[in-house]
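Asks: pasting the sequence and the predicted coordinates here, then a few questions.
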Amino acid sequence: MSEVIKDAIEQEFTTNFEALEKRLNGASALPIHQVRKKAINAFQELGLPTARNEEYKYTDLKKALQKTFDFKAPSPQGKINRETIEECLIPGLDANILIFINGVFSNELSTIISPEDQLTIKDLEAATMEDKELIDNYFAQYANYEHDAFIALNTAFTEHGSFIHIPDNKLVEKPIALYFFNDAQAGKSYNQPRNLFIVGKSSQATFLEVFYTVGKHESFTNIVSEIVVNENANAEYYKIQNNRDTAFHVGTTQVWQARNSQFSAYTFTLNGAMIRNNLNIASDGEGCESHMYGLYLLHGKTHVDNHTEIDHIKPNSFSNELYKGIMEDQSHGVFNGKVYVRQAAQKTNAFQSNKNILLSDQATINSKPQLEIWADDVKCSHGCTTGQLDEEALFYLQSRGVSKERARVLLLYAFAVEVLENVKLEPLKAYLEDLISERLHKDF
Amino acid sequence: MSKDNQILEEFTSKEYEHGWTIDLEADQAPKGLSEEIIRFISAKKEEPEWLLEWRLKAYRSWTKMKEPKWANVKFPDIDYQDIIYYSAPKQKVKPKSLDEIDPELLETFKKLGISLEEQKRLTGVAVDAVLDSVSVATTFKDKLAELGIIFCSFSEAVREHPELVKKYLGSVVPISDNYYAALNSAVFSDGSFCYIPKGVRCPMELSTYFRINAANTGQFERTLIVAEEGSYVSYLEGCTAPQRDENQLHAAVVEIYAQKDAEVKYSTVQNWYPGDKEGRGGIYNFVTKRGICAGERSKISWTQVETGSAITWKYPSCILKGDYSIGEFYSVAVTNNMQQADTGTKMIHIGKNTKSRIVSKGVSAGRSQNSYRGQVKIMKRAEGARNFSQCDSLLMGDKCGAHTFPYIDIENKSAQVEHEATTSKIGEDQIFYCTQRGIDEEKAVALIVNGYCKEVLNQLPMEFAVEAQKLLALTLEGSVG
């Protein structure tokens, strides 16, 4: 990225921050605003990452930010009609539906079906006034804004988003589905929603984040979700992107796990212009179990960068990671999986696997599975493969009378299913199955 | 501490055995680095004008470069003005044969177990011995010359085969390739040069032995191996240094150029002084090694056993340019006490149907940090490229670390790339199995580590494999866990 553009964008954000401070008026006395100030300072210190930054080596933000989003002021309130929204909902999924337009929670469009004693759902802005204690205890405690410029930006501009609190000992049966709509009908839009999910001790909940861009213009989302999984709790988290190819997205999911908790993340990326998913898990208690599943099917000029990090801090934990990708056309896939096992984290079992198929000579994959281990009594392994469809398997199917095209689709589908079959929500699984097989038939 | 931890502890605490020095009168340059010093070195070596220009160009680009900080190693800043860049043992006349060499020098190498005379008579390994900055002796030169093989010190090659040196010097590692390579290009003092003509299969192992003797000096040698069409050579390299409290810098460059159908095998047993238990002293081993498979069906194979050095920063690489060329990398890196190693390889696939194989075995003990950093890059035009990488780490004790940083960059759909890594420790059950069979615990650990490294050690020439096995046992002595 040229220095001039970089400086200009950084300056725009600073101007925007001053505007935010004015708008906040009295609310700037809250402790959360001190966090914002620290974060904007951190951002000014860090600057936007360039390709020289190891974490952003393969993801050039120039493409995203040269689209000259106007960062000087917040994007205007969006408006998307109910019909469009309903078309986008996952069919048959009996869930709490939370609708966000340009990052702002819409009460009237949302439907909450779980009983009130099971959970609290509100816009983050309301929570900063009403749930001060929880906000002070949990907000920005896990997503480290001192090291990542995008987390710093999001933290500095925290206003809207969601606050979901599940008290101890509650089993929330209905999934909580958050739909984020970017209104890019009239012009480019950018927004920075912020989520805080707190799952109380021995509770259980399922979260979904789904992203859509409506309209033909570009959109830029910089989202941060912090998920706190307390003792014995079990949380599942799905992130689904089937955006337009005008969507630019940087997202960080920061998870903190306490003793004996379980957490599973499922990331499906099917579309978009430039998508960066950061999934960071701190396994900070004994007996934690963490699962990370990812599937990326890329075509056109889509660029998807999945960065995952699991940090084993305490002993006797388990983590398993499986990320698979199929790259077609001029798409570019990036995978970086970090596994840290700290000195105290003896008896950790950590496994990681990344498998890729390249279908075109213009497609690229950069994979960096990274293991860092400071404890000796552990079992850790990672594997990474890149290749194409097995010629013998293709031949086998053809010899059984399956056409070459169908055999290809079948094998690719089988490749994807290894990730898909782990999805626990049946309607979601069916929906993704449809999406994937449709894509495979159309594009591959 | 459990019992097997105790054994590990004992196993890993053996002392360095090459820590002695011999008083040799040395001809040294003053401390520091400047254009004057480079002119001084060049003049000392009676070099032609073009080489001086080349050095100065390297120096100028070095002054504009910054030390790389990305490696997973920590050390205080090096004061490059506090190093002696040229030190040569004094010799009155240029020796014509071994008999004329200063007996003190011969003694030095004898003490290292490389008796130059004996080597000549018995083992049939041609040795080029490099002490501090210069090559002191090369054996078997005449016999090799009969086959048209040139094996001599670098300065001799500059004098006698300037056209070859001019053609290939810097062709694989350009002068401004990286910070340490640029420094080496500016101040390199000697090294080995090896040229195998077309169709010749070198009948014996060629070997260079490096020894740092003088204090406050840095060693900057340069090795250049050129293998013409259809030739074969196996090359060995060994190194030791005295035990000193300050850190000494070793920044070498090795270039290999393999033409069509040529095969070069390069083996290293690196045993520089690693520093004491508290991490005082030891060699900083910052080495650039790279080979290019320029012709079709050429092959370069790197094998390394890294047991010494306080810090190792080393990535022997292969540029697979010719179609059907093959690159291999076999490595055992053992770190103990406060040692740090950041080592691995780069396999750049450019030609069609190129193959590479990486086997890296890391063993960390004590409070050491051992990192594997490797890159496999398949370029757009590299149809049918194939890579297999395996990097395993063995941890002995709970204060050391093992890190893996593989970069896998693929731009061609027909590539098949596999990478796998594991981390484990020596199990109590494994040790129990051995003791139950009457093998004592210390031997059991040596056995298990040797078995773990077998895949790599098998790649070494026989004489070296034996030495390497002993070295492994030695480095880890007292560290069983």
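Replies: Received, thanks. Numbering: from 1, shown residues only, chains lettered A, B, ... in the order given.

Asks: rest of the way, CA atoms for contacts and neighbours
Replies: Fine.

Asks: lowest-confidence helix or strand of the chain?
Replies: By default, I'm working from chain A. helix A:61-65 (a mean of 71; mean pLDDT, DSSP states H and E).

Asks: chain B, not that one
Replies: Scoring the helices and strands of chain B by mean pLDDT, DSSP H and E places helix B:116-118 at the bottom, with a mean of 51.

Asks: per-residue confidence at residue B:93?
Replies: The per-residue pLDDT reported for residue B:93 equals 46.

Asks: do the same with residue B:48
Replies: pLDDT at residue B:48 comes out at 89.

Asks: quick one, phi psi at it?
Replies: phi -70, psi 160 (degrees, to the nearest 10).

Asks: state the distance from it to residue B:413.
Replies: 49 Å (Cα to Cα, to the nearest Å).

Asks: more neighbours: which of those two?
Replies: residue B:413 (27 against 13; other Cα atoms under 10 Å in any protein chain shown).

Asks: about what we covered before: which is the next helix or strand following the least confident helix or strand of chain A?
Replies: For helix A:61-65, the following helix or strand on the C-terminal side (DSSP states H and E) is helix A:82-88.

Asks: give me the element residue 40 is part of.
Replies: Unless you meant another one, I'm taking chain A. helix A:31-46.

Asks: can you look at chain B instead?
Replies: Short version, using DSSP H and E: residue B:40 is in helix B:35-44.

Asks: who are the packing partners of that helix?
Replies: helix B:49-64, helix B:179-187 (3 or more Cα pairs under 8 Å, 6 or more residues apart in numbering or on different chains; DSSP states H and E).

Asks: buried residues in the first one, which are they?
Replies: Along helix B:49-64, these residues count as buried under the neighbour rule (16 or more other Cα atoms under 10 Å in any protein chain shown): B:51, B:52, B:54, B:55, B:56, B:57, B:58, B:59, B:60, B:61, B:62.

Asks: so the first one versus chain A, what's the distance?
Replies: Noted for residue B:51: a distance of 34 Å to chain A, by Cα to the nearest Cα, to the nearest Å.

Asks: ok, so what distance separates that residue from residue B:165?
Replies: 10 Å.

Asks: three-state assignment of residue B:292?
Replies: strand (DSSP: H, G, I helix; E, B strand; the rest coil).

Asks: one more: residue B:195?
Replies: Residue B:195 is classified as strand under three-state DSSP.

Asks: now for the closest residue to chain A within the stretch 201-350 of chain B: which residues touch it?
Replies: Per Cα to the nearest Cα, residue B:342 is where the stretch 201-350 of chain B lies closest to chain A, at 12.7 Å. Applying Cα atoms under 8 Å, 6 or more residues apart in numbering or on different chains, one finds that residue B:342 lies in contact with B:71, B:72, B:73, B:311, B:312, B:313, B:314, B:370, B:371, B:372, B:373.

Asks: between those residues, which is nearest residue B:430?
Replies: residue B:370 (23.2 Å; Cα to Cα).

Asks: ok, the helix or strand where that closest one lies: who's next to it in the sheet?
Replies: Using DSSP H and E, residue B:370 sits within strand B:369-378. Neighbouring strands of strand B:369-378 in its sheet, by DSSP bridges, are strand B:340-343 (parallel), strand B:346-349 (parallel), strand B:401-410 (parallel).

Asks: now the last one, how far from the chain's geometric center?
Replies: This means strand B:401-410. With Cα atoms, centre = their mean, to the nearest Å as the basis, strand B:401-410 stands 21 Å off its chain's centre.

Asks: for the first one, same thing?
Replies: For strand B:340-343, the gap between its own C-alpha mean and the chain's C-alpha mean amounts to 13 Å (Cα atoms, centre = their mean).

Asks: if anything else comes up later, I'll come back, but that's it for now.
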